[in-house]
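Participant: Return atomic coordinates for the entry below.
(4 chains)
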Number of protein chains: 4
Amino acid sequence: MHNFPQHLLDGHASFMSGRYVRERERIRELSEIGQSPSTLVIACCDSRASPEMIFDAGPGEIFVLRNVANLVPPYQPDGGQHGTSAAIEFAVKALEISNVVVMGHGRCGGIHAALSPEASPLDQGDFIGKWMSLLGALPEQLGHNELMTPAERQTALERISIRNSIRNLRTFPYVADLENQGKLAIHGAWFDISTGELWVMDDKGDFIRPQITLEH
Amino acid sequence: MHNFPQHLLDGHASFMSGRYVRERERIRELSEIGQSPSTLVIACCDSRASPEMIFDAGPGEIFVLRNVANLVPPYQPDGGQHGTSAAIEFAVKALEISNVVVMGHGRCGGIHAALSPEASPLDQGDFIGKWMSLLGALPEQLGHNELMTPAERQTALERISIRNSIRNLRTFPYVADLENQGKLAIHGAWFDISTGELWVMDDKGDFIRPQITLEH
Amino acid sequence: MHNFPQHLLDGHASFMSGRYVRERERIRELSEIGQSPSTLVIACCDSRASPEMIFDAGPGEIFVLRNVANLVPPYQPDGGQHGTSAAIEFAVKALEISNVVVMGHGRCGGIHAALSPEASPLDQGDFIGKWMSLLGALPEQLGHNELMTPAERQTALERISIRNSIRNLRTFPYVADLENQGKLAIHGAWFDISTGELWVMDDKGDFIRPQITLEH
Amino acid sequence: MHNFPQHLLDGHASFMSGRYVRERERIRELSEIGQSPSTLVIACCDSRASPEMIFDAGPGEIFVLRNVANLVPPYQPDGGQHGTSAAIEFAVKALEISNVVVMGHGRCGGIHAALSPEASPLDQGDFIGKWMSLLGALPEQLGHNELMTPAERQTALERISIRNSIRNLRTFPYVADLENQGKLAIHGAWFDISTGELWVMDDKGDFIRPQITLEH
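Facilitator: Below you'll find the model as predicted:
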């Protein structure tokens, strides 16, 4: 009848006998009254960087957009079918979320492709190259000198790209308006897929590790 | 310095002291050798329908694309910046995944907007309306007669949309080629956000509940 | 008789009644048989980055050279009075140490002066500017574009400078010889003065955080 | 990935779980607001004579320059890269410290080399011999007669060298100016590596043991 991947069926069985049992009330209530997440997380598709894992988030907690390299395009109301912009619009205007988090991560394949277009197996790709062109001239501006190691350059571009996406996010008129009114806060974050650590962006655009308090 | 949402910081502290400790070796190994997920899941941004929750998926297991209403556009190599197509290309060509799952879910806000454009607060939206126009004439074809209740019509369109996305997916030449060669399998699924149940699409396009085996 | 700083006299009294009492035997033995540290640490003068604090090092454990920004000049046997080169020579040839660690740190004032010579109160200085000129064109090569924040550029140059010092260290013929013979290992490290964390340089020149094992 | 010395990793783990935990607030504050040590200590690289140990100094307390035999060269603005002079300039002009301590110690290897150039394994050294030549004719002037034992001659030259360095320090115009204005005090000290005792220089240039008060 179907050849659905067994690892997913097994995982779903585990969900049903575990979390679903424990959180049944909350899940059913969310189904009845609808979702009202306070935060939109814009994250990467990478299998190692699930926002729900990183934030140990429960059902109903975060609205999650995931594309390659967690990019936000600038506001372009040109009649095209912009999936990322649609998700932002839905979160901000329909769900009235209070926070947007643009979350990048280490060893991002999209950023890697942007840094080494000539070496990438994706160079003939129709879509990845175009999609990463949202970074514009940033990879070239970062430079290709030998001062920084490849890993350092990659991390630098991952963070530069987050700041770029946040700039683009502010070109959405309603995002800028709500932020100016103090009703919407925009955040940057970078996840270290190796150590598990989260770095959050401060006022100056730098990424710092917040104090983790375990007593909550 | 930063005003990062406290619920996310708390969740991350919980991750660090819980799952990260338990799965440290696996997480570090994934960081070193790179991801090699076997499955791409195309899901909705909805805060109640996280694929990692539904499939109890661990780090490295699934590559996850999330947009509003889990839509796949047709193959359009027109030079535009198509985020969904870029993620599909990356998963299929760079990561060489073996399965694609298009997973819809109940009470989907995007599908609801497509069904009732006149009633939606999103009707003036620039992006949501355009994005949902990927469904083409399907909402009208479903009809507005009183034969089906609103809930039945919503569930119907959620499943029609999944089959539509799977048709679009097969317009990508490399997707069709790999499927024909038996190297890539395409699946549909629908998640009931109230009961937690997963319905998978069978050969005829119907959605059925697979037998759940709890002993795994 | 003397106006010796009281905070140092107080500190010395604390040493005499504390550590000296506990480690008297070791201290006296070191005095009798002479020092034989296994490691030379080349560190900065910064009051927040004492190697003995960072490594909780006891008497006799590390031979410590400290100058502004922990720089190593290239091998220049020109008859000048090179204090840093003299210390390296003493450690490697007389003490026959097995490890050299070049340790930089965050928010380094010397590196800051090298990055912003025009803004620095040291611009008329006779010696700081000359000393930091050991970095050559590296600050300019790093670039002054706005892609990286000032803090990111500072961290980048701190690490570039460590790699540069290690290159210079290998221009000392006996250092290169001993390293080739496997008798001397050269290491890089970077200390985060805020979090207390140590980052060590790996084979590729990247700085990573080693696993801390507390059971030793 | 790295072969960083284990004794240092162990020491750092000890620091992180000990002192860092106890002094976290102070350390973080120093990182935020910058260092403002009141005292520059010019000390020897010797592994048995760490100023932080001798003065039980905490983070941010002392700015520490360490070279072989704690020498200060005379003011030579000749365009050379003078590391010691750069550190003095940085401490006095940028940090505006109030005290300079030139601290020698017993059984100093550099002083020993200066006293017995013919017996030293360093006599062919390119840098140690040149560096110790900062003492000029002082070793010869001390004489090689049999009146003083070798140990007495060594201690004598250690103290003669401290007074010589202090003379050289006063050839820096801004040092002399600030001292004359009463804004900067210059001190000598000598540490007995065997007994742990500190001897401080009085007005006449003699080294005396200050009264130690233990109740602090």
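Participant: Just the element for the nearest residue to A:H187 once chain neighbours are set aside, please.
Facilitator: Spatial nearest neighbour of A:H187, chain neighbours left out: A:V101 (4.6 Å); criterion: Cβ to Cβ, 6 or more residues apart in numbering or on different chains. Using the backbone N, CA and C atoms, a C-beta is placed for each residue, glycine as well. Assigned by DSSP states H and E, A:V101 falls within strand A:99-105.
Participant: That strand pairs with which strands?
Facilitator: Here strand A:99-105 is paired, per DSSP bridges, with strand A:39-44 (parallel), strand A:185-191 (parallel).
Participant: Report the secondary structure state of the residue in chain A that chain D sits nearest to.
Facilitator: Here chain A gets closest to chain D at one residue, A:Q211, 8.8 Å apart by Cβ to the nearest Cβ. At A:Q211 the chain is in coil, as set by DSSP: H, G, I helix; E, B strand; the rest coil.
Participant: Any idea how many residues pack against it?
Facilitator: 10 (other Cβ atoms under 10 Å in any protein chain shown).
Participant: my read: A:V100 touches A:A91, true?
Facilitator: Yes. Using Cβ atoms under 8 Å, A:V100 is in contact with A:A91, at 7.4 Å.
Participant: Overlap in contacts, the two.
Facilitator: Counting by Cβ atoms under 8 Å, 6 or more residues apart in numbering or on different chains, the shared contacts of A:V100 and A:A91 are A:L40.
Participant: re earlier: give me the pLDDT value at the residue of chain A closest to chain D.
Facilitator: A:Q211 carries a pLDDT value of 70.
Participant: Stretch A:85-95 and chain B in contact?
Facilitator: Yes. Against chain B, stretch A:85-95 shows contacts by Cβ under 8 Å from any Cβ of the partner chain at A:85-91, A:93-94.
Participant: Can you lay out these as TSV showing neighbour count, distance to chain D and pLDDT?
Facilitator: Formatted as TSV, the residues of stretch A:85-95 next to chain B follow (neighbours: other Cβ atoms under 10 Å in any protein chain shown; distance: Cβ to the nearest Cβ, whole Å; pLDDT from 0 to 100):
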residue	neighbour count	distance to chain D	pLDDT
A:S85	27	38	95
A:A86	28	41	95
A:A87	29	37	97
A:I88	28	34	97
A:E89	24	39	96
A:F90	27	39	96
A:A91	26	34	97
A:K93	20	39	95
A:A94	18	41	95
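Participant: Out of these, list just those in helices.
Facilitator: Counting by DSSP state H, the residues of stretch A:85-95 next to chain B place A:85-89 in helices.
Participant: in the sheet, who's paired with the residue nearest the centre of chain A?
Facilitator: Most central in chain A under Cα atoms, centre = their mean is A:A43, positioned 1.4 Å from the mean C-alpha point. The partner list for A:A43 in beta bridges (DSSP bridges) reads A:R66.
Participant: so it makes contact with A:A49?
Facilitator: Yes. Applying Cβ under 8 Å, one finds A:A43 in contact with A:A49, separated by 6.3 Å.
Participant: Mutual contacts of those two, please.
Facilitator: Residues touching both A:A43 and A:A49 by Cβ under 8 Å, 6+ apart: A:103, A:105.
Participant: Against B:F127, how distant is A:D177?
Facilitator: 16 Å (Cβ to Cβ, to the nearest Å).
Participant: any idea which helix is longest in chain A?
Facilitator: Scanning chain A for the longest helix, with DSSP H as the assignment, gives helix A:150-169.
Participant: does any bit of that helix sit next to chain C?
Facilitator: Yes. Helix A:150-169 lies within reach of chain C by Cβ under 8 Å from any Cβ, at A:150-152, A:156, A:159-160.
Participant: Tell me which residues of stretch A:10-21 come out buried.
Facilitator: For stretch A:10-21, burial by neighbour count (16 or more other Cβ atoms under 10 Å in any protein chain shown) applies to A:10-16, A:19-20.
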